[in-house]
Structure formats: structure tokens, C-alpha cells
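>>> Let me see the structure of the following:
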Amino acid sequence: MAYPNFIGMGYQSCLTCHYNPLGNGPLNDYGRALSASTISGRAFSDEKVTDEELGEKSGFMWQKPMVDRVRPAINYRGLYLKRNFSEKNEETEWINMAAKANVVVRLGPEENKDKLIASATIGYAPTPKAVASTSDEPNYRTREHYIGYRPNANWGLYAGLMDKAFGIRIPDHIAYSRVTTGLTMNDQSHGVLVHYVADKYELAGNYFIGNLKDEDDVRQKGFSLTGEYGPKDWRVGPSILVSESLYLKNTIIAAHSRLAFGKGNSMLIELGQVKRDIIPTNRSITSRYGFFQGHILLKRGLYFLNTLEYFKSDTNRDDHVFRWGPGAQYFMMHGLELRTDIYNTRVFSSNAVSDDTWNVTAQIHLWL
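Next comes the predicted model:
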């Protein structure tokens, strides 16, 4: 649930609004106030209420913080999915994608309570349909738990269970840039993150040892580095991730850029390559992906989206996939986001011919 497109609103670093310096997870006080007073629309709010007053009441349950050192939050995201739109085999279903509760405890000194924080999130994890009858995995898991310390405005040190530092964090967890790299909803890892931010650049290094709830032989242990450089309206940078378990070694590289143009508009670009070395068979597979997404601000809170993705599962084969689709994202009010997308997927293969597939999705995202 990171929104890197807000570079279009003049915010280059996710640290401005999130406790996690690379985005996603709980919002800090400034991020909540910004959502209420600038980014979200004013549906259901009295015209006499000023944006400043909305910002003041942007805390938990739309109230001012009740306990100065504790910041609770609740999130829900649901998806209505229509597969094979307008075809004979059309299917529809509702998916509870995310339901989680978070609490941040501010442990810093009185003059800067966010200097030292502890964050913990527990969330719902649906059982995949493919293993629904055999899986004994619990449906609730800790999404993250970490301690963060920032001795000054530039440096930060974080330790615990977190998302790995890599690429552009986006809420589109079906994107090839997330699925191919293994950085989706349930891929957090225990580790240590060092973060540095300055006026024109931002760097992060992450050493991780896998999720300790998993068996040791399948844990991916390694490191990642990511960074961005550029002026206020444009950022570009590389990412690298190297990790290994007893059975599999991953080497992932990417180049990414975020560009702002006009008031509220942005473009996100990420190009990457994933090399997987299957250790027992001494076999390697290299995949490539591309992600392009534009956001056009139509009015306060309402965006037109256009997404184009490319995926080549094996560079030794000619097969590749293009996925394209328009969408609309509406932050109707602080705490309520609506989104709809149309996805057209076209497979190019030298061995088979397949029709395009059309999927339609509608999301609701609530946060308190």
C-alpha cells in the first residue's frame, strides 16, 4: 500500500508520510493530515469544515490522537474480480485481499517522539485456492514488526520483519515487477535496513535472513540495495537483490524512475531482470519484466491510470506477455479509496495461439 505516484504532488521520499522509509505500512501524523487535507476528496464533509480542520481530525477513527505515544490503524482492501469478461467462461468473485491491524508506539524523546518507534502489524492471509484442501497454514500472520531509530533527519536504522528494499513499491501486487521478483504481499523477511535520505538522493541497504517462521532450508538469505537520485520532479535509480537458500539462488537487478509533470501527474517506470539458479539441478532461468504506469489528476482525489506491463518468463524462449489496461483511482475521502481497472492480456508464443483475455477489477480500500 505504497503510493509512489505522489511524487506528482511534490513528495519525493516516502519517509515524509510513512513510518517505513521506503513506503507502505502505517502513515505518520503528517501523512494522515496530508491525506485528509490535500490528497483525498471531500465527499461527505461539510463545506464549512476547512482542510486544516480535516487534517487535525485525521487520526484513528477520524479523531485527534487519543494517546500521544500510540498510533493505531486498521486497514481493509477487498477486490471484485470478473475474469474473461463478456466470454462464455466468465467468472466473478470477491477476494478479501487484506485485513490488518497495526500499532506504532512512539518511544523517542519529548521533542521528537518519532525518533524511536516500534511498529507491529497482524493481518489476514487467505489460503490459496490451489492448496485450500491440504494447507494447514494459519490465515492470520504478522505482516511486519520492527523497531526504527533515526538519530537525525538523514539517517535511519530499522530491524525486524519488513518488506525487502527493492524497486518501486506499488499496491498492484499482481504486477510482474512484484510477482517475478518475489516481493508480494506475504514476502516479508527478518533483517536490518539502513536508510539515508538527502535533498536530491535516497539510499537503502537491507541485509535479511528470511522469514523465521519458515523452515531454514527454504529461507532466502542475502542483501539488497536500492537508491534514487534527481531533482524535485524526477528520480531515477538502480536496485539489486542477491539471495540464496539451500535450493535456489536469486540475482535480481532493476532500473527505475519516477517522473512528475504538471500538478499531481506522474509516471512510474521499472525495468528488471531476475536470474534464478536452481541449485540441485544446476539449471538457470532468466526472466525480464517491464512496468509502466501513468497517473493523471482529474480533480482532487481522482486519478486516471494507464498501466502497461511486459513479461518474458525465459530469455531463451520467444514467448512473452503484454498486459495493458486503463483504470480510475478515487480517494473519495480520507480513509476511503475506490479503484477500478480493466486488464487486457496478450500472450505471444511461437508454439501456440491464444485469444486475448479481459479481466475487470473493482477495489475498495478502507483505513482508519
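>>> mind checking how far the helix or strand bottoming out on mean pLDDT in the chain is from the chain centre?
Lowest on mean pLDDT, DSSP states H and E among the helices and strands of the chain sits helix 51-56, with a mean of 89. Put simply, helix 51-56 sits 27 Å off its chain's centre (C-alpha atoms, centre = their mean, to the nearest Å).
>>> what about the helices in the stretch 51-200 of the chain?
For the stretch 51-200 of the chain, the helices defined by DSSP state H, counting those that start in this stretch occupy 51-56, 176-179.
>>> which one of those is the most hemmed in?
Between these, helix 176-179 has the highest mean count of neighbours, a mean of 22, where neighbours are mean count of other C-beta atoms under 10 Å. For glycine as for every other residue, the C-beta is placed from the backbone atoms N, C-alpha and C.
>>> wait, what's in contact with Leu81?
Thr92, Glu93, Trp94, Ile95, Asn359, Val360, Thr361 (C-beta atoms under 8 Å, 6 or more residues apart in numbering).
>>> Now restrict those to buried residues only.
Using 16 or more other C-beta atoms under 10 Å as the burial test, those include Asn359, Val360, Thr361 as buried.
>>> ok, so of those residues, who is nearest Ile39?
Nearest to Ile39, judged by C-beta to C-beta, of the buried ones among the contacts of Leu81 is Thr361 at 22.0 Å.
>>> Pull out the buried positions in the strand or helix carrying the closest one.
Using DSSP states H and E, the element containing Thr361 is strand 357-367. Buried residues in strand 357-367, counted by 16+ other C-beta under 10 Å: Trp358, Asn359, Val360, Thr361, Ala362, Gln363, His365, Trp367.
>>> Mean confidence (pLDDT) on that strand, please.
The average pLDDT within strand 357-367 is 94.
>>> Also stretch 104-119?
Mean pLDDT, stretch 104-119: 96.
>>> ok, now stretch 249-258?
98.
>>> mind listing what's buried in it?
Buried-residue list, stretch 249-258, by 16+ other C-beta under 10 Å: Lys249, Asn250, Thr251, Ile252, Ile253, Ala254, His256, Ser257, Arg258.
>>> Alpha carbons of it, in PDB - could you do that?
Extracted in PDB, the C-alpha atoms of stretch 249-258 (Å, rounded to 0.1, in the frame of the first residue of the first chain):
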ATOM      1  CA  LYS A 249      19.700 -18.600  -5.700                       C
ATOM      2  CA  ASN A 250      18.200 -15.300  -6.900                       C
ATOM      3  CA  THR A 251      20.000 -12.400  -8.600                       C
ATOM      4  CA  ILE A 252      17.700  -9.500  -9.400                       C
ATOM      5  CA  ILE A 253      18.500  -6.200 -10.900                       C
ATOM      6  CA  ALA A 254      16.300  -3.300 -11.900                       C
ATOM      7  CA  ALA A 255      16.400   0.300 -13.100                       C
ATOM      8  CA  HIS A 256      13.500   2.500 -12.100                       C
ATOM      9  CA  SER A 257      12.300   6.100 -12.400                       C
ATOM     10  CA  ARG A 258       9.500   8.300 -11.100                       C
END
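>>> what does that stretch rub up against?
4-5, 7, 12, 166-168, 177, 181-182, 220, 222, 228, 234-244, 266-277, 279.
>>> Cross those against helices and list the overlap.
Judged by DSSP state H, the contacts of stretch 249-258 include Ser177 as members of helices.
>>> follow-up on the earlier one: let me know the closest of the buried residues of strand 357-367 to Lys100.
Minimum distance to Lys100 across these is 9.8 Å, recorded for Trp367 (C-beta to C-beta).
>>> so the closest one sits right up against Asn75, yeah?
Yes: using C-beta atoms under 8 Å, Trp367 makes contact with Asn75 at a distance of 4.7 Å.
>>> what about Trp62, distance to Ala33?
Separation of Trp62 from Ala33 (C-beta to C-beta, to the nearest Å) stands at 12 Å.
>>> Have a look at the two and say which one is more surrounded.
When neighbours are counted by other C-beta atoms under 10 Å, Trp62 and Ala33 differ, and Ala33 comes out ahead with 21 against 14.
>>> who are the neighbours in contact with the more buried one?
Taking C-beta under 8 Å, 6+ apart as the test, what Ala33 contacts is Gly55, Glu56, Ser58.
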